[in-house]
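Asks: below is the sequence, then the predicted model.
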Amino acid sequence: MAEYTKKFDEDVAKCDAWFKSDRYKGKTRPYAAKDVVALRGTFPLTPYQSDVQAKKVWAMFQDLWKRKDCSHCFGALDTVQVIQMAKYLTSVYVSGWQCASTASTTNEPGPDFADYPYTTVPNKVEQLFKAQLFHDRKQHQEYLALPADKKAAFKHVDFMRPIVADADTGHGGTTAILKLCRLFAEKGAAGIHLEDQKPGTKKCGHMGGKVLVSTREHCDRLITARLAFDVLGTETVIVARTDAEGATLLDKNIDPRDHAFILGSTNPNIGDCNGCAQAAHDAGKDANKAQAEWMKSANLKTYPDAVADVLTQKGEVEKAKAWKKQAMHLGHLEAKALAKKEYNVEIFWCMEAPRAREGYYRIKGGVEFCVHRAWAFSPHADLIWMECAMANVHEAQEFAEGVHSKCPNQLLAYNCSPSFNWDASGMTDKEMMDFQTTIAKMGYVWQFITLAGFHLDSLMATRFARDYETRYMLAYVEMIQRPERAEKVETLTHQKWSGANYMDTYQGLVSALAATKAQQEGSTEAQF
């Protein structure tokens, strides 16, 4: 018993020192080291390979933060893409959208509603991570087998680019998130991101109808993820994503930090929205039209805006500004009391009347709401990502400055989405080229094109199939084989790329006279 207690105390001391290390500077946990150690059991922790990658990507992000630079990457669709991009890009993204459309473990493709099995994205991570490990082993053996005079000219590729993967909403409550995080750590992810949408109604960040969970609930998700990785002993990077810029609904009003962004009716002479729509439906009229008319008549505003408008109408513009500055940080009851006591304003305002058919509250989205959520998420996350509707330097700057006004050392992430029509952004080609380096100076250390792998796959397959239809083999030679040769793309000799030489080494170690080696006389790759 004494030895048992001594070992536990030693492990707690190590864990506590880990919590207090520079890695977690500025981060908080509502639990103690002894709680984590008590959940680990008695068997030694498995040294996860993903932890090596987590430490690697975190060190890289810290260096980029100091240099005001970024790691820019894209969503890898398959093992070919993850290996070929390794020569040029320093990180890898794994998209839930791409998995939903191309890699669900049910083999049933669909849009990004996160309704695929929660093992889907971890399984894709495992596929890509195993490809990285294999090509790293292959390169290692190839280098060591070279004559001494050839080694200096050998160009090493870091195939082990850290993978950051899409954990969507966590696919459920606390237990689902715990299991999901364990899968990601086991499968090789260096980091994950969790978004503040509601499971069951989750949409791609660039779709409509998005429903947010309360700020408190998403903080709990982030804490759960951290706890899961703490128990495993990994430093897996956690990216907190907020969809508050474009969301229109909130599932519950339990957190006062959300109150300033909830819309309410300012018209006391109408009923509730659903009653109006239902009455129209029962009368055989257009319920959607009736709802739209109700919304217009309700004159929806947030409570801070409604009071500020009253003050402005009185000509008290400075008071209106002062009020907004205070009210944006208060729950509704506190704000209502302040308006009456300090500003002598009492108004009708009802957040219940506009609620959607499903019971969700209507909200005013925007950058300001994202900033407020980022402040709440920051103690529990390593990077913050604001999903937005269009690439915009000024909006990115507004968010960064807002976050850093309270959390000056908070690292940021940015989705350079293909859902944006970049040509409609108003940017010149030069501005597009400079966009990522420009916002990197604001603290966006990790930037990614979520679905570039999907789009490049589609574009190249379309171009080749269209050409191959009429020009047969010449299309393949001109579009693929000759460019592969000219640009020295390794897949030109695809047998070697896939590891035939590497596996021949195994055969040679078993028997130097093995007659069944793949890369010997008879292999067509000798033609290249």
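Replies: On my side now, so go ahead.
Asks: quick one, helices of the stretch 251-400 of the chain?
Replies: 273-282, 287-298, 303-313, 317-327, 332-343, 367-377, 393-406 (DSSP state H, counting those that start in this stretch).
Asks: in the fifth one, what's buried?
Replies: For helix 332-343, the buried set under the neighbour-count rule, 16 or more other Cβ atoms under 10 Å, comprises 332, 335-336, 338-339, 343. C-beta coordinates here come from the backbone N, C-alpha and C atoms, glycine included.
Asks: for that helix, the distance to its chain's centre please.
Replies: A distance of 38 Å separates the centroid of the chain from that of helix 332-343, by Cα atoms, centre = their mean, to the nearest Å.
Asks: do the same with the second one
Replies: Averaging C-alpha positions (Cα atoms, centre = their mean) puts helix 287-298 36 Å from its chain's average.
Asks: now do the buried residues in it.
Replies: 287, 290-291, 294-295, 298.
Asks: just the last one next, same as before
Replies: Residues of helix 393-406 classed as buried: 395-396, 398-400, 402-404 (neighbour count, 16+ other Cβ under 10 Å).
Asks: hmm, who's touching that helix?
Replies: The contact list for helix 393-406, computed with Cβ atoms under 8 Å, 6 or more residues apart in numbering, reads 367-368, 370-371, 374-375, 378, 384, 386, 388, 410, 412, 414, 431, 435, 438-439, 442-444.
Asks: can you do 7 Å?
Replies: Residues from elsewhere that reach helix 393-406 (Cβ atoms under 7 Å, 6 or more residues apart in numbering): 367, 370-371, 374-375, 384, 386, 388, 410, 412, 414, 435, 438-439, 442-444.
Asks: pull out the buried residues from the residues you listed.
Replies: The buried subset of those - by 16+ other Cβ under 10 Å - is 367, 370-371, 374-375, 384, 386, 388, 410, 412, 414, 435, 439, 442-444.
Asks: wait, Pro199 sits on Gly172?
Replies: Yes. Using Cβ atoms under 7 Å, Pro199 is in contact with Gly172, at 5.9 Å.
Asks: now the stretch 101-250 of the chain, which segments are flagged as low pLDDT?
Replies: 203, 205, 207 (pLDDT under 70).
Asks: can you do 90?
Replies: 101-117, 200-209 (pLDDT under 90).
Asks: with the chain instead?
Replies: Counting by pLDDT under 90, the chain has low-confidence residues at 1-4, 44-47, 97-117, 200-209, 269-295, 357, 491-528.
Asks: what residue is smack in the middle of it?
Replies: His193 (3.9 Å; Cα atoms, centre = their mean).
Asks: hang on, the earlier thing: out of the helices of the stretch 251-400 of the chain, which gets nearest to Lys14?
Replies: helix 367-377 (27.8 Å; Cβ to Cβ).
Asks: CA atoms only for that closest one - export them in CSV, please.
Replies: Taking Å, rounded to 0.1, in the frame of the first residue of the first chain, the C-alpha atoms of helix 367-377 are listed here in CSV:
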residue,chain,number,x,y,z
VAL,A,367,-17.3,39.4,-35.6
GLU,A,368,-18.1,40.9,-32.1
PHE,A,369,-19.9,37.8,-31.0
CYS,A,370,-16.9,35.7,-32.3
VAL,A,371,-14.5,37.9,-30.2
HIS,A,372,-16.6,37.4,-27.1
ARG,A,373,-16.7,33.7,-27.6
ALA,A,374,-12.9,33.6,-28.3
TRP,A,375,-12.3,35.3,-24.9
ALA,A,376,-14.2,32.5,-23.2
PHE,A,377,-12.6,29.7,-25.2
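Asks: now do it against helix 393-406, angle only.
Replies: Helix 367-377 runs at 40 degrees relative to helix 393-406, counting by axes from the mean of the first three to the mean of the last three Cα atoms, to 10 degrees.
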